[in-house]
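Participant: I would like the atomic coordinates for the input below:
(one chain, ligands or ions: 1)
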Amino acid sequence: MGLKDNDRAEIEALRAETRPTLRAVSEGMEAHLYHAHEVLDHGFVRVVDYMGDDAAICQAARVSYGRGTKSVQNDEGLIRYLMRHWHSTPFEMCEIKLHVKLPVFVARQWIRHRTANVNEYSGRYSILDREFYIPSAEHLAAQSVVNNQGRGEALTGEEAARVLDWLKADSTRAYDHYEAMISQDGQQGLARELARMNLPANIYTQWYWKVDLHNLFHFLRLRADAHAQYEIRVYAEAICEIVKDWVPAAYAAFEDYRLGSVQLSGKGVACLKRMLAGEEVTQEGSGMSKGEWREFREVWG
Ligand SMILES: Cc1cc2nc3c(=O)[nH]c(=O)nc-3n(C[C@H](O)[C@H](O)[C@H](O)COP(=O)(O)OP(=O)(O)OC[C@H]3O[C@@H](n4cnc5c(N)ncnc54)[C@H](O)[C@@H]3O)c2cc1C
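Facilitator: Presented below is the predicted three-dimensional model:
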């Protein structure tokens with residue numbers, strides 16, 4: 001697992017030191033503070049800090065709605081109303097700061113979410129650890145035959161063994177050369193900022209990632225989705241479990257209106273109406289492309 005002994009000691013010391021506070025706290029989140037949740041073979045997600053709770057979302061919303069919120073029965077109802085009507089700014093009142101250890105190729109997907117604040121481990125300043133993501137057998141999958149951006153069944157037999165051997169051997173060889181290049185034993189030693197270009201994309205990096213709840217939900221909506229790549233999805237799923245305990249009402253609304261919802265096009269709505277009226281609708285008569293029709297049919301199982 002990716003946490004080093006000194007990291008663990010620091011976390012334990014922080015957990016042992018408690019102070020009273022006047023700030024609003026989320027009991028569910030307090031239990032997660034500093035705990036590292038293991039992800040993949042060497043990665044983790046841990047909560048370093050957070051601000052706000054379900055009540056903070058409602059408090060902010062009531063500034064804009066004032067007396068109007070009297071018609072909304074309770075905080076949960078108000079949060080569901082905000083989520084349903086895309087009134088997103090009250091969710092921005094909550095923030096979370098995570099420490100994440102992740103493979104570089106996962107970090108490349110993650111960093112595309114521009115609405116967060118990031119501080120990454122410096123490969124110019126420090127030596128990267130000899131830690132590589134090597135997929136477990138069931139995740140060593142073949143290229144999907146229906147989706148260019150996806151994977152199919154797991155590789156088997158000799159092919160699986162060969163791929164696994166290459167992944168391990170190439171990672172080891174690249175790191176051996178990295179170490180040899182930066183070594184100052186009997187030579188000048190190549191600068192760390194240059195030597196790192198030899199390292200493969202499955203090496204682990206680390207960062208602090210701070211984001212507000214609205215933008216975190218956007219990230220989770222895309223990355224906890226079944227179509228997201230497995231290696232980023234497992235991080236998103238770990239974060240979902242944390243958010244569920246942090247802001248239970250907001251997470252429940254997100255689960256219902258975003259994760260569990262489907263989006264229909266105008267053509268999709270028209271087809272559905274025809275189908276509900278008892279008409280047999282085919283792809284040819286739907287006005288949809290084959291891909292759109294397949295996705296539309298998938299929604300109804
Ligand atoms: C399944 C999947 C496949 C993908 N495949 C590819 C791919 O093949 N190639 C590729 O390059 N990317 C790919 N991406 C990345 C994708 O295009 C987005 O870059 C990524 O999901 C971040 O989304 P975002 O821009 O909405 O998020 P954020 O950057 O967090 O932005 C959130 C929202 O803020 C607004 N915003 C932020 N910055 C700006 C800005 N500068 N201008 C205007 N509005 C802004 C937008 O409304 C945006 O939706 C893929 C993503 C997914 C989930």
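Participant: which positions in the helix or strand hosting R162 come out as buried?
Facilitator: Assigned by DSSP states H and E, R162 belongs to helix 157-182. In terms of neighbour count (16 or more other CB atoms under 10 Å), helix 157-182 has its buried residues at 164, 167, 171, 174-175, 178, 181-182. Bear in mind the C-beta positions are built from the backbone N, C-alpha and C, glycine included.
Participant: by contact count, what packs against that helix?
Facilitator: Identification of packing neighbours for helix 157-182 by 3 or more CB pairs under 8 Å, 6 or more residues apart in numbering; DSSP states H and E yields helix 192-195.
Participant: name the residues that touch the helix it packs on?
Facilitator: 123-127, 178, 181-182 (CB atoms under 8 Å, 6 or more residues apart in numbering).
Participant: closest one of the buried residues of helix 157-182 to the ligand?
Facilitator: L167 (22.7 Å; CB to the nearest ligand atom).
Participant: got the contact list for the closest one?
Facilitator: L167 is in contact with 132, 134-135, 202, counting by CB under 8 Å, 6+ apart.
Participant: ok, stretch 113-130 near the ligand or not?
Facilitator: Yes - residues of stretch 113-130 contacting the ligand under CB under 6 Å from any ligand atom: 113-115.
Participant: can you add secondary structure and pLDDT and give these back as a markdown table?
Facilitator: Below are the residues of stretch 113-130 next to the ligand laid out as a markdown table (DSSP: H, G, I helix; E, B strand; the rest coil; pLDDT from 0 to 100):
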| residue | secondary structure | pLDDT |
| --- | --- | --- |
| H113 | coil | 98 |
| R114 | coil | 97 |
| T115 | coil | 97 |
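Participant: so which of those residues is surrounded by the most neighbours?
Facilitator: Within the residues of stretch 113-130 next to the ligand, most neighbours by other CB atoms under 10 Å means H113, with 16 neighbours.
Participant: any idea which element the closest residue to that one other than its chain neighbours lies in?
Facilitator: Using CB to CB, 6 or more residues apart in numbering and skipping the chain neighbours, the partner closest in space to H113 is F219 (5.0 Å). Assessed by DSSP H and E, F219 sits inside helix 213-223.
Participant: show me the residues around the spatially closest residue to V104 that is not a sequence neighbour that make contact.
Facilitator: Counting by CB to CB, 6+ apart, A201 is the residue found nearest to V104 once chain neighbours are left out, at 4.8 Å. By CB under 8 Å, 6+ apart, the contact list for A201 reads 103-105, 108.
Participant: the residue positioned nearest the centre of the chain and L259: what is the separation?
Facilitator: By CA atoms, centre = their mean, the chain has its centre lying nearest to A236, at 2.8 Å. Noted for A236: a distance of 10 Å to L259, by CB to CB, to the nearest Å.
Participant: returning to what we had before: which other helices and strands contact the helix holding F219?
Facilitator: Looks like helix 213-223 contacts strand 95-103, helix 230-246, helix 248-254 (3+ CB pairs under 8 Å, 6+ apart).
Participant: buried sites along that helix?
Facilitator: 213-220, 222-223.
Participant: just those residues that are near the ligand?
Facilitator: Near the ligand, by the rule CB under 6 Å from any ligand atom, you find 215, 218, 222 out of the buried residues of helix 213-223.
Participant: same list, those residues, but as a markdown table with pLDDT please.
Facilitator: A markdown table is the format used below for these (pLDDT from 0 to 100):
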| residue | pLDDT |
| --- | --- |
| N215 | 98 |
| H218 | 98 |
| L222 | 96 |
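Participant: and which of these is nearest to E158?
Facilitator: L222 (36.3 Å; CB to CB).
Participant: who's in contact with the closest one?
Facilitator: So L222 contacts A228 (CB under 8 Å, 6+ apart).
Participant: cool, H218 as well?
Facilitator: 113, 115.
Participant: swap in 10 Å and give it another go.
Facilitator: 88, 91, 113, 115, 211, 258 (CB atoms under 10 Å, 6 or more residues apart in numbering).
Participant: ok so, going back, M288: which of the contacts of helix 192-195 is nearest?
Facilitator: Nearest to M288 among those is G123, at 47.2 Å by CB to CB.
Participant: thought I111 was touching the residue nearest to H113, still the case?
Facilitator: No - applying CB atoms under 10 Å as the test, F219 and I111 come out as separate, 11.2 Å apart.
Participant: mutual contacts of these two, please.
Facilitator: W209.
Participant: how's this protein carved up into domains?
Facilitator: 1-133+202-261, 135-199, 264-301 (automatic domain parsing).
Participant: which parts of the stretch 101-250 of the chain sit against the ligand?
Facilitator: So the stretch 101-250 of the chain meets the ligand at 112-115, 215, 218, 222, 227-228 (CB under 6 Å from any ligand atom).
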